[in-house]
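Engineer: Give me the fold of what follows.
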Amino acid sequence: MKAQILGGAVAAGIFENGPRSGLESVSSPSQAEDAASKMLNQKLLRLGNSESDGQVVKDLYISEAVPHESQWYLAMAIDRENYSPCIIISKDGDVDLGTLLREKASGVHTFHFSLTKGITKEVLSDIESRLNIKNQELENLTQIIVRLYKIFVDHEATNLEIKPLARSSDGALTCLGANFTFDNAAESRQKQLFALRDRSQEVPDELAAEKHGLVYVRMDGNIGNVVNGAGLAMATNDAIGFCGGASANFLDAGGKATKDTMIQAFRIITSDVRVKAILVNIYGGAYVPYPDGGAEAYEEQGSRAVT
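Structural biologist: Next up, the predicted model:
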């Protein structure tokens, strides 16, 4: 039984109402009922996050337990450093993509491929050689990778994680868990997929920003920032971190912001009780509505935050 919330590391999380993980193994209907009653409608906190960042569990995913000998990790993602899609495989299933990219962990194999050519014989041969796998393992892994590629291309994914990929004693591979991320810019083309979106699991401030044409992402720091342009916003976040601070948000107001848009941007940031200061980094022309919008929102919220 697995709690269904946005984000990963469900098994490592704990519930507010007790030291219970977001992943439970049960062996009887009564155990399942007891576990479900203690998970549903309860807030699940992920390790390292504050209490306010937890999410209430509304759904559980229930599947049959699969006996297995070991757990692998498999992902298909975009390697932005090398401008190429790639397959990432580790025979150690206790990893996550963020850790892999940050630490370049040993035992992790990366295989680049062409988005237009797909999963070629050369890619599969490289996987076979570097992982030293044959027969059923290779056949099963090939089938899974080919299916992942179809999802990746047909539904415009940016990251497909299979964690864990269970390996049985006879070499059979079974997907026990998945974490898929799709390109938000594809919403107009992927209507059926985005119809599954559960906004109740999303950050309210991010939804409010989206409604007003702002790109807002909540972060863990206490320095709010308002920037126009995604590139400048990323550089601003980097600069804050370089100087020893931590951003409370990423906010791109865009190049066509109106006074009302800016009022909404400052309203979102100044209503965040974590924010102790606001950095405004605007690159503008002869006239931009940022000062007026910022002043009006600031007056609304009082002088709690310093800009």
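Engineer: measure stretch 154-173 end to end?
Structural biologist: Across stretch 154-173, the terminal residues are separated by 24 Å (CA to CA, to the nearest Å).
Engineer: switch to numbering from 39
Structural biologist: Sure, I'll start counting at 39 from here, so that last one is stretch 192-211.
Engineer: got the buried residues for that stretch?
Structural biologist: Residues of stretch 192-211 classed as buried by neighbour count (16 or more other CB atoms under 10 Å): 193-206, 209, 211. (C-beta placed from N, C-alpha, C; glycine too.)
Engineer: got a list of what the nearest residue to Lys76 once chain neighbours are set aside touches?
Structural biologist: When the adjacent residues along the chain are set aside, Lys76 lies closest to Arg58, with 5.9 Å between them (CB to CB, 6 or more residues apart in numbering). Listed by CB atoms under 8 Å, 6 or more residues apart in numbering, the contact partners of Arg58 are Ile52, Ala73, Lys76, Met77.
Engineer: Among the residues you listed, name the buried ones.
Structural biologist: For these, buried by 16+ other CB under 10 Å: Ile52, Ala73, Met77.
Engineer: So the last one sits against Leu61, correct?
Structural biologist: Translated: Met77. No: in this structure Met77 lies outside contact range of Leu61 using CB atoms under 8 Å: 9.8 Å.
Engineer: Overlap in contacts, those two.
Structural biologist: Common neighbours of Met77 and Leu61 (CB under 8 Å, 6+ apart) are Met39, Ala41.
Engineer: Pretty sure Asp221 sits against Asn197.
Structural biologist: No: at 9.8 Å, Asp221 and Asn197 do not qualify as touching, with contact defined as CB under 8 Å.
Engineer: list the residues that contact both of those two?
Structural biologist: By CB under 8 Å, 6+ apart, no residue touches both Asp221 and Asn197.
Engineer: still on that earlier bit, out of the buried ones among the contacts of Arg58, who's nearest Ala103?
Structural biologist: Proximity of the buried ones among the contacts of Arg58 to Ala103 (CB to CB) peaks at Ala73, which lies at 13.4 Å.
Engineer: With adjacent residues omitted, what lies nearest to that closest one?
Structural biologist: Per CB to CB, 6+ apart, closest to Ala73 is Glu62, 4.5 Å.
Engineer: okay but that neighbour is in contact with Leu78, surely?
Structural biologist: No: Glu62 lies out of contact with Leu78 (CB under 8 Å); the separation is 11.8 Å.
Engineer: Would you mind telling me which of these two has more residues around it?
Structural biologist: Glu62 (19 against 13; other CB atoms under 10 Å).
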